[in-house]
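**Student:** give the three-dimensional model of this entry:
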Amino acid sequence: MIPAYDTSTLARLRQTLDDVLADPRFRRSQSMSALDVAQYILSEAAQGERDFDRIKISALNALDISLREAA
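**Tutor:** Down below sits the predicted model:
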């Protein structure tokens, strides 16, 4: 079942995505696309995470891992 989010949650998820995409780590990453990041953020939310700072940090950590693996 696809989770449903209220307008406020969707706005916060979008802001989280925008924040991650604006981070220099995303611009350096060649292994994660914007779609990959969006899917990661939605996956975290679907698992029940509602701390948007925590979701952002988790997504940035995933970018760090992808950068290290690419090096």
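
**Student:** can you tell me which residues contact M32?
**Tutor:** F26, Y40, A62, L63, S66 (CB atoms under 8 Å, 6 or more residues apart in numbering). Glycine gets a C-beta too; all of them are placed from N, C-alpha and C.

**Student:** in helices, which of those appear?
**Tutor:** Using DSSP state H, the subset of the contacts of M32 located in helices is F26, Y40, A62, L63, S66.

**Student:** number of nearby residues for the second one?
**Tutor:** Read that as Y40. For Y40, the count of nearby residues is 18 (other CB atoms under 10 Å).

**Student:** just the first one next, same as before
**Tutor:** Applying other CB under 10 Å, we find 20 residues neighbouring F26.

**Student:** lowest-confidence entry in the contacts of M32?
**Tutor:** Minimum pLDDT for those is recorded at S66 (81).

**Student:** can you tell me the closest non-neighbouring residue to that residue?
**Tutor:** S31 (4.3 Å; CB to CB, 6 or more residues apart in numbering).

**Student:** tell me the pLDDT of the most centrally placed residue in the chain.
**Tutor:** The chain has I41 as the residue nearest its centroid, 3.7 Å off, counting by CA atoms, centre = their mean. pLDDT for I41: 98.
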